[in-house]
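A.B. asks: one predicted model, sequence on top.
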2 protein chains.
Amino acid sequence: MKISSTVEWAIHCCTVLAGLPRDLHLTGKDLAEFHDVPHPYLAKALQTLSSDGILKTVPGPNGGYQLARPPHTISLLDIVLSIEGSDSCFECDEIRRRGPSALTQSASYNRPCLIASAMWNAEKVWRRELDKVKLSNLVDQVNAEADPKQLQKGKEWIEGRKFKKPRQA
Amino acid sequence: MKISSTVEWAIHCCTVLAGLPRDLHLTGKDLAEFHDVPHPYLAKALQTLSSDGILKTVPGPNGGYQLARPPHTISLLDIVLSIEGSDSCFECDEIRRRGPSALTQSASYNRPCLIASAMWNAEKVWRRELDKVKLSNLVDQVNAEADPKQLQKGKEWIEGRKFKKPRQA
């Protein structure tokens, strides 16, 4: 049971985009270079985030990605479910309805399986915890706790990207 | 990100074993038949639970499996970690140390990545929730909530197993 690396990349990318000044955006290639991750895989994740309303595309030859909503409205949960899918991690195969103790009347199974319920409850608590952490919280924490030299290097690189691109009319 | 079906089987098997009278045990084949799941795959899971100290083997030609510890000391978390492994679901690849903003001094990264910390915190909360549910709780709930006809059928089938086996000296 593993959360894919793409989730890590997606959260990092969204956090960087959440920290950008409002008029800036970054291309998929910029984001891949900034995090040193393979662009084709990242591009697929960015498209998924975009179709799920977390990112929006800025069209045109100078286009790229921005957050689709304010950073305080996007949580870790939104990103995790976008990349991993929103299905429950635990799937109940209803094995209580099999084997020699099974009953034929489906009315006997009106309530969900107790084992599945317990697993889903833990997952609900996990999701609630992820939903508490918004991109705005992460940006604040990064600004407060990361090495200022790293923040400065990142800022300069991002500024450099802006001036490398032809300006839009 | 999926929890394997084997986890579902393992929890069901442990719950059945937790509900057995003290002098009873079931073979891997019994447990596979009771839940109508493939014996070779289940056997592997039962061995894992056994080497992790959740089940114990009753040796001999009439042997099988029992819980290794009282049901109130075995939680859903114990079973999930035994089957899925105890590694964190979220792996931090330290991508903050890559790309153009990375710093060469490792002292700049003394604290764990904030994104990884948030993911691990949610996982900790999930694990805590799973650890609250003990096999004894599940047995009590099953006895209180399952259709009494199913409980009776299951009991009779298990009793039948006992008498099918040659008695130990």
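C.D. replies: Sure thing, it's come through.

A.B. asks: so, in contact with chain B or not, stretch A:147-157?
C.D. replies: Yes. Applying CB under 8 Å from any CB of the partner chain, one finds that stretch A:147-157 is in contact with chain B at A:147, A:149-151, A:153-154, A:157. The C-beta positions use only the backbone N, C-alpha and C, and glycine is treated the same way.

A.B. asks: give me the mean pLDDT for that stretch.
C.D. replies: Regarding stretch A:147-157, the rounded mean pLDDT is 94.

A.B. asks: list the buried residues in that stretch.
C.D. replies: A:147, A:150, A:153-154 (16 or more other CB atoms under 10 Å in any protein chain shown).

A.B. asks: got the CA positions of it in PDB?
C.D. replies: The C-alpha coordinates for stretch A:147-157 follow below in PDB (Å, rounded to 0.1, in the frame of the first residue of the first chain):
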ATOM      1  CA  ASP A 147      16.600  28.000   4.700                       C
ATOM      2  CA  PRO A 148      16.300  31.600   3.500                       C
ATOM      3  CA  LYS A 149      19.100  30.900   1.000                       C
ATOM      4  CA  GLN A 150      17.000  28.200  -0.600                       C
ATOM      5  CA  LEU A 151      13.900  30.500  -0.800                       C
ATOM      6  CA  GLN A 152      16.100  33.200  -2.400                       C
ATOM      7  CA  LYS A 153      17.500  30.800  -5.000                       C
ATOM      8  CA  GLY A 154      14.100  29.500  -5.800                       C
ATOM      9  CA  LYS A 155      12.700  33.000  -6.200                       C
ATOM     10  CA  GLU A 156      15.500  34.100  -8.400                       C
ATOM     11  CA  TRP A 157      15.100  31.000 -10.700                       C
END
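
A.B. asks: how far does it sit from the chain's center?
C.D. replies: 23 Å (CA atoms, centre = their mean, to the nearest Å).

A.B. asks: what's that stretch in contact with?
C.D. replies: Applying CB atoms under 8 Å, 6 or more residues apart in numbering or on different chains, the contact partners of stretch A:147-157 are A:16, A:34, A:142-143, B:96, B:100-103, B:108-109.

A.B. asks: which of the residues you listed count as buried?
C.D. replies: A:16, A:34, A:142, B:96, B:101-102, B:108-109.

A.B. asks: returning to that earlier point: mind giving me CSV with the residues of stretch A:147-157 next to chain B and columns for secondary structure?
C.D. replies: Shown next, in CSV, are those (DSSP: H, G, I helix; E, B strand; the rest coil):
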residue, secondary structure
A:Asp147, coil
A:Lys149, helix
A:Gln150, helix
A:Leu151, helix
A:Lys153, helix
A:Gly154, helix
A:Trp157, helix
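
A.B. asks: about what we covered before: and of the contacts of stretch A:147-157, the nearest to A:Ser86?
C.D. replies: A:Val16 (24.3 Å; CB to CB).

A.B. asks: just give the closest residue to that closest one, not the sequence neighbours.
C.D. replies: When the adjacent residues along the chain are set aside, A:Val16 lies closest to A:Phe34, with 6.4 Å between them (CB to CB, 6 or more residues apart in numbering or on different chains).

A.B. asks: if I look at the one you found, how far off is B:Thr27?
C.D. replies: 57 Å (CB to CB, to the nearest Å).

A.B. asks: and the most far-flung residue of chain A relative to its centre, helix, strand or coil?
C.D. replies: Residue farthest from the centre of chain A, counting by CA atoms, centre = their mean, is A:Pro100 at 44.1 Å. Under the three-state scheme (three-state DSSP), A:Pro100 adopts coil.

A.B. asks: check the gap between the closest residue to it other than its chain neighbours and B:Leu26 for me.
C.D. replies: With sequence-adjacent residues excluded and distances taken as CB to CB, 6+ apart, A:Pro100 is closest to B:Trp157, at 4.2 Å. B:Trp157 is 10 Å from B:Leu26, where distance means CB to CB.

A.B. asks: mind checking pLDDT for the spatially most central residue of chain A?
C.D. replies: With distances taken as CA atoms, centre = their mean, the residue of chain A nearest its centroid is A:Ile79 (2.0 Å). Here, the pLDDT recorded for A:Ile79 equals 98.

A.B. asks: quick one: contacts for it?
C.D. replies: Contacts here follow CB under 8 Å, 6+ apart; on that basis A:Ile79 touches A:7, A:10-11, A:14, A:49, A:54.
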